[in-house]
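Participant: What follows is a predicted structure for the sequence shown.
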Amino acid sequence: MEFTVNLGKRSYPILLENGSAEKLPDELKKLFPKSRFALVTNTTIAGLYRELIAGWKPALDAVVYEMPDGEEYKTIGTWNGILDFLLASKLERSSIVIALGGGVVGDVAGFAAATFLRGVGVVQVPTTLLAMVDSSVGGKTAVDHPLGKNLIGAFHQPKMVLVDNAFLATLPQREFMSGYAELFKYAFIGGREMFDFVRSNHALMEKKDPAVLLAGISRSIAVKAGVVEQDEHETGGLRALLNFGHTFAHALERYFDFKEVLHGEAVWWGMHCAISCAALNGMLTDETAELYGGMRKLMPDPRLPERPAVRRLYDMMFTDKKVTGGALRLVLPTEPGTAVVRGDVPAETVLASIEEVLG
Ligand code: NAD
Ligand code: GLY
């Protein structure tokens, strides 16, 4: 399966196929016959996929950089290390960086590609479900700063994305479920058809049925690509929809110091706060509220270290990038598959929704 993200001169193909990683060298040589290649991955993935990488290396004459594993390494220091390596390897403007990994590798390698020699191409090869359905597509690249996540970065669209769901076989279950929450998110923003698809295929996707899961990944990417095509640089408001549940989720991650709750776990809680908030704000018909209540029952709630203090969590929501003029802007559902951005929800309604879901 193949489709294109249409962004004029920055358009790129997305290849999705179980087992497609084997074909990466052929695809790359077809698209970039004169380029040199640098593969950036992390130590965990390098260990798990040693044979695959050993096959790619001579086929592409690629140099390989292994960064340490973990969000705590998504830093300027790691970015600098990658740039030192690209310079020492004498890569050129026509070179291509291949980011093999989850969102951390994708974001930091993407940012290195965005800045090396004022920008070289990057090819994203996502290995987590979260990276497949979200971070590998859309061109956001970044590193973290002690003052906050993703504060230093650039928009830098990939030249190609290759999605091979065979990588998911080695992904720890907790990471799988965290990524699955992001796939689930598209049910609430991707239109009625996506809502119905997720609702009826949830059981098979959760069991990792390869064909159904690939269909879910493909539909998720199509939703994301559609949004990115219309609002590439997040200036038109539409791209904010991708952050459904995220204002609550980011606060929850911060509340637990970014250590004990995975991003997708926080997004799961955040989506249900957003649904509750819309219901309390009178935005859902009884029928929609019931349908959404049914969605919550499909998955077990992820564990939290403790019940968060509602007011403290609410206050933490104000560090969100969508806060404008001191007001929260929340992505809230309206009808199945559709959400809108609202900046006028009373504080007591937001507090009540947190209390209802998490209190
Ligand atoms: P991650 O990259 O840290 O990967 C999670 C863990 O799984 C890591 O330990 C990793 O080594 C391991 N792993 C990866 N693939 C594996 C595989 N196939 N088998 C076994 N282990 C594997 O986390 P993530 O959830 O993929 O990404 C989170 C990051 O993505 C955050 O930094 C977030 O800010 C970023 N993000 C970016 C965007 C964007 O649009 N650029 C969107 C969402 C999230
Ligand atoms: N993950 C949100 C975005 O790409 O805009």
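Facilitator: Arrived safely. Ligands and ions are numbered 1, 2, ... in the order given.

Participant: Which parts of the stretch 101-250 of the chain are strands?
Facilitator: Here the stretch 101-250 of the chain has its strands, by DSSP state E, counting those that start in this stretch, at 121-126, 140-145, 148-155, 160-163.

Participant: What pairs with the longest one, parallel or antiparallel?
Facilitator: When sheet partners are counted by DSSP bridges, strand 148-155 sits next to strand 140-145 (antiparallel).

Participant: Return the set of buried residues in the partner strand.
Facilitator: K140, T141, A142, V143, D144 (16 or more other CB atoms under 10 Å). Yep, even glycine has a C-beta here, placed from its N, CA and C like the rest.

Participant: Could you check how far it is from the centre of its chain?
Facilitator: Chain-centre distance of strand 140-145: 13 Å, with CA atoms, centre = their mean, to the nearest Å.

Participant: circling back to that earlier point, nearest to F256, of the strands of the stretch 101-250 of the chain?
Facilitator: For F256, the closest of those is strand 148-155, at 13.6 Å, according to CB to CB.

Participant: Next one: the helix ranked longest in the chain, is it in contact with ligand 1?
Facilitator: Assignment by DSSP state H gives helix 210-230 as the longest helix of the chain. No: Helix 210-230 does not reach ligand 1 (CB under 6 Å from any ligand atom); its nearest approach is 8.7 Å.

Participant: Name the residues of that helix that are buried.
Facilitator: For helix 210-230, by 16+ other CB under 10 Å, it's 212-225, 227-229.

Participant: try stretch 121-133
Facilitator: Neighbour count says stretch 121-133 has 121-133 buried, by 16+ other CB under 10 Å.

Participant: Repeat that for stretch 301-319.
Facilitator: P302, L304, P308, V310, L313, Y314, M316, M317.

Participant: Also stretch 20-38?
Facilitator: For stretch 20-38, a neighbour-count test (16+ other CB under 10 Å) marks S20, A21, L24, P25, E27, L28, F32, S35, R36, F37, A38 as buried.

Participant: okay, among the buried residues of stretch 121-133, which ones form the most distant pair?
Facilitator: Longest span within the buried residues of stretch 121-133, CB to CB: G121 and L129, 24.8 Å.

Participant: mind checking how far D61 is from G121?
Facilitator: Taking CB to CB, to the nearest Å as the criterion, D61 is separated from G121 by 16 Å.

Participant: Against E17, how distant is the closest residue to E229 other than its chain neighbours?
Facilitator: In this structure, E229 finds its nearest non-sequential neighbour in N6, 5.3 Å apart by CB to CB, 6 or more residues apart in numbering. Distance, N6 to E17, by CB to CB: 21 Å.

Participant: neighbour-wise, which of the two wins?
Facilitator: Neighbour count, other CB atoms under 10 Å: between N6 and E17, E17 has more, with 16 against 12.

Participant: Can you get me a residue count around the closest residue to the more buried one other than its chain neighbours?
Facilitator: Nearest non-adjacent residue to E17, counting by CB to CB, 6+ apart: M1, 6.3 Å away. The number of residues packed near M1 is 13, by other CB under 10 Å.

Participant: before we move on, what about A154?
Facilitator: A154 has 14 neighbouring residues, counting by other CB under 10 Å.

Participant: circling back: can you put the buried residues of strand 140-145 in JSON lines and add distance to ligand 2?
Facilitator: Output for those, formatted as JSON lines (distance: CB to the nearest ligand atom, whole Å):
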{"residue": "K140", "distance to ligand 2": "5"}
{"residue": "T141", "distance to ligand 2": "11"}
{"residue": "A142", "distance to ligand 2": "11"}
{"residue": "V143", "distance to ligand 2": "16"}
{"residue": "D144", "distance to ligand 2": "15"}
